[in-house]
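Peer 1: Pasting a predicted model and its sequence here:
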Amino acid sequence: MDRRDFLKNGSIATVGTYFAGSTQTHLMAAPQPEPAKPIAANDHIQIALIGAGGQGQDDTKQAAQVPGAKIVAVADCYNGCLDHAKELWGNDIQTTRDYNEILARKDIDAVIIGTPDHWHMQASVDAMNAGKDVYCEKPMIHLYSDGPRIIDTWRKTGRIMQVGSQRVSSIIYLKAKELLASGAIGTLNMVSAWWDRNSAQGAFDYTVPYDASPETCDWPRWLGTAPKIPFNPEHFFQWRKWKAYGSGVAGDLFVHLFSGTHLITQTHGPTRAMSTGGLRFWKDGRDIPDVLVSLYDYAQGFNLVIRTNFVDGGAESSGFVFTGSEGSMTVSGDSVSISRVPRETEPGVRYELYSAPIQKRMLEIYHEKYPIAHPTGPVLVGEEKYVAPDNYSDHYHHIKNWIDSIRSREAVVEDPVFGFRAAGAALLSNMSYDSGKPAHWDPEEMRVL
Ligand SMILES: NC(=O)c1ccc[n+]([C@@H]2O[C@H](COP(=O)([O-])OP(=O)(O)OC[C@H]3O[C@@H](n4cnc5c(N)ncnc54)[C@H](O)[C@@H]3O)[C@@H](O)[C@H]2O)c1
């Protein structure tokens, strides 16, 4: 099958094709649900949530929709989240501030970890050592030393662990991967990715609940290994703004763009990062930049450029442009599109600057080499676009992939090695920003050089 046949047929099923101007748009089919199989009572997967804030709740809502999955317990450090967990999943679930009580239960198969980043390693390691399968939110690591500890525990215990960059399960990303591999844009030479915002909540300024206090919040437990400071509700609820708990826009957003780049290009990571930026607008005591631009080298022969701008008065958006020798591919929102300008078949001749006899002879020489052509067939120009169906959720499919693997014991789509490579690359951006120098990384061995 050549490139054009591939584009026509696609290997992920498409339903419906329509034309809008010069754009041929394919509405993709959502993955078909498996035929309903009765699930035996003893085959239910009993799941607990550790860290029941925004993302932990979203992950667990997805898990609760997977046939055979049951939510049985929740650990969190804030009473308001524990009480809300009962409202969401029933009064009979166990709620606790201490996740060790959950890990001690023999009837719990698996945990979702939605804590801030500084707890990811310890909670994942404790859970796997207690015999639980793990879904841990991105970025998998907060510090480089977290990576080997998680990977070693995962290998030693043989548990199933999925990292939570849900977009790697997206049919749009998978389509982009197939299009690139099929040669749809020729040889890749550049990837540009961005995640821009222009709102307080988008810039990590989350609302602190009115009742936040040392009584309603388990501050010492929440702090864990972070520097000991007196109770600070902004740190508790807006932790992304401080390096002690997160890793800024790189750990929060770049990591998604690395996961996407690595999946779509089937690469393992950059060898070098160079970053610049600054704290330009959100000067509220945070110790991270709100504008970060980073350049990366990939040994596979392309460069990656990533930026986040939290001061973008133009538009809030995120996405990628993959640029190749024969076209470009844009992945953004719920679609992937290819656009091409057909490559010239001859170099052309610049002759009109010179005297008439020279012009005449130059044209003769040129046409001896490139006779005047009379093309016969049409040329494929314009855009080809694939769109996910309404209500399609990559988040559901990512969680379902994890729960399916818990049953089958087969590999997940985003294991800790993939997770470390994405988060390790993201942290490299901060390393370069902080030092003002290029930072080097071995993506195969997953080591800072
Ligand atoms: N995949 C995505 O698209 C996505 C989106 C948002 C957030 N995230 C990730 O999810 C994680 C959580 O982010 P969030 O926005 O939900 O934060 P959040 O502050 O809303 O929630 C974190 C919760 O963890 C609890 N917690 C902290 N330490 C704990 C401990 N030791 N035991 C039990 N609970 C503990 C806190 O009380 C809090 O309720 C982060 O790592 C973030 O990067 C991923």
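Peer 2: Nice, I can see it.

Peer 1: got the contact list for the residue in the stretch 301-449 of the chain positioned nearest to the ligand?
Peer 2: Going by C-beta to the nearest ligand atom, the ligand is nearest to residue 395 of the stretch 301-449 of the chain, at 7.7 Å. C-beta coordinates here come from the backbone N, C-alpha and C atoms, glycine included. Listed by C-beta atoms under 8 Å, 6 or more residues apart in numbering, the contact set of residue 395 reads 58, 59, 62, 166.

Peer 1: Regarding residue 389, what is its secondary structure?
Peer 2: Under DSSP: H, G, I helix; E, B strand; the rest coil, residue 389 falls in the coil class.

Peer 1: And for residue 305?
Peer 2: Applying three-state DSSP: residue 305 is strand.

Peer 1: What count of nearby residues applies to it?
Peer 2: 14 (other C-beta atoms under 10 Å).

Peer 1: and if you look at residue 325?
Peer 2: Neighbours around residue 325, by other C-beta under 10 Å: 11.

Peer 1: List the residues that contact it.
Peer 2: 185, 186, 187, 189, 343.

Peer 1: Which residue of the protein lies farthest from its centroid?
Peer 2: Most distant from the centre of the chain: residue 357, at 61.4 Å, with distances by C-alpha atoms, centre = their mean.

Peer 1: ok, now which ones touch that residue?
Peer 2: Contacts of residue 357 by C-beta under 8 Å, 6+ apart: none found.

Peer 1: same question, residue 160
Peer 2: Going by C-beta under 8 Å, 6+ apart, the list of residues near residue 160 reads 110, 133, 134, 402, 405, 406, 409, 412.

Peer 1: Inside helices: which ones of those residues?
Peer 2: 402, 405, 406 (DSSP state H).

Peer 1: ok, back up a step: any chance of the contacts of residue 395 in a markdown table with pLDDT, secondary structure and distance to the ligand as columns?
Peer 2: Shown next, in a markdown table, are the contacts of residue 395 (pLDDT from 0 to 100; DSSP: H, G, I helix; E, B strand; the rest coil; distance: C-beta to the nearest ligand atom, whole Å):
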| residue | pLDDT | secondary structure | distance to the ligand |
| --- | --- | --- | --- |
| 58 | 98 | helix | 7 |
| 59 | 98 | helix | 8 |
| 62 | 98 | helix | 11 |
| 166 | 97 | helix | 6 |
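
Peer 1: From the residues you listed, pick the one nearest residue 173.
Peer 2: Distance ranking of these against residue 173, using C-beta to C-beta, places residue 166 first at 10.1 Å.

Peer 1: surely the closest one meets residue 398?
Peer 2: Yes - judged on C-beta atoms under 8 Å, residue 166 makes contact with residue 398 at a distance of 3.9 Å.

Peer 1: Quick check: the residue lying closest to residue 205 once chain neighbours are set aside vs the ligand, distance?
Peer 2: Closest residue to residue 205 apart from its sequence neighbours, by C-beta to C-beta, 6 or more residues apart in numbering: residue 238 at 6.3 Å. The gap separating residue 238 from the ligand is 8 Å, by C-beta to the nearest ligand atom, to the nearest Å.

Peer 1: Could you check how many residues crowd around residue 238?
Peer 2: For residue 238, using other C-beta under 10 Å, the count is 21.

Peer 1: which residues touch it?
Peer 2: 204, 205, 206, 208.
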